[in-house]
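[1] Build me a model from this:
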Amino acid sequence: MSKLDPEIYEILPDLNEESRFEDKTLRDYIVSIFSKMPRDLARVLELHFLEGRPHKDIAEREGVSIAAVKTRVYRAKKLFRKFDPSFNEDEQS
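    Numbers count the residues shown, from 1 in each chain. Got it, this is the predicted structure:
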């Protein structure tokens, strides 16, 4: 199993009250949110953050430009935050 990209941790809430989730549990949590998202947006996050593929490879696979992949990643991360009820951008001090 691949490690999660550090950037994905930036959009997740702090899940570390008493103990840290194992990668599999965290991965399951992320995939459950992906299942609520439009497939094209969830797919770019999965390919980039869970599989570690670069934007260029995703663009070739999806038949779109690198700029389109970057836009999808941005939009997907924004939507991911909406589906995560425990994430609150106002908590950042």
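
[2] how close does D28 get to L50?
    D28 is 11 Å from L50, where distance means Cβ to Cβ, to the nearest Å. Any C-beta I mention is one placed from the backbone N, CA and C, and that applies to glycine too.

[3] of those two, who's got more company?
    L50 (18 against 11; other Cβ atoms under 10 Å).

[4] isn't the more buried one right up against I30?
    Yes. Using Cβ atoms under 8 Å, L50 makes contact with I30 at a distance of 7.1 Å.

[5] Which neighbouring elements make contact with the lengthiest helix in the chain?
    Counting residues, the longest helix in the chain under DSSP state H turns out to be helix 66-83. Other helices and strands packing on helix 66-83, by 3 or more Cβ pairs under 8 Å, 6 or more residues apart in numbering; DSSP states H and E, are helix 39-45, helix 55-62.

[6] With F83 as the reference, name the closest of the ones you listed.
    Nearest to F83 among those is helix 39-45; the distance by Cβ to Cβ comes to 10.1 Å.

[7] Dump the C-alpha coordinates for that closest one into CSV.
    Only the C-alpha atoms of helix 39-45 are listed here, as CSV (Å, rounded to 0.1, in the frame of the first residue of the first chain):
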residue,chain,number,x,y,z
ARG,A,39,-16.2,10.9,-10.2
ASP,A,40,-13.9,13.1,-12.3
LEU,A,41,-12.9,15.1,-9.3
ALA,A,42,-12.5,12.1,-7.0
ARG,A,43,-10.5,10.4,-9.6
VAL,A,44,-7.9,13.1,-9.9
LEU,A,45,-7.5,13.3,-6.1
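
[8] counting contacts, what elements does it pack onto?
    On a contact count with 3+ Cβ pairs under 8 Å, 6+ apart, helix 39-45 meets helix 55-62, helix 66-83.

[9] And the contacts of that helix?
    Residues from elsewhere that reach helix 39-45, judged by Cβ atoms under 8 Å, 6 or more residues apart in numbering: 8, 34-35, 37, 58, 62, 69, 72-73, 75-77, 79-80.
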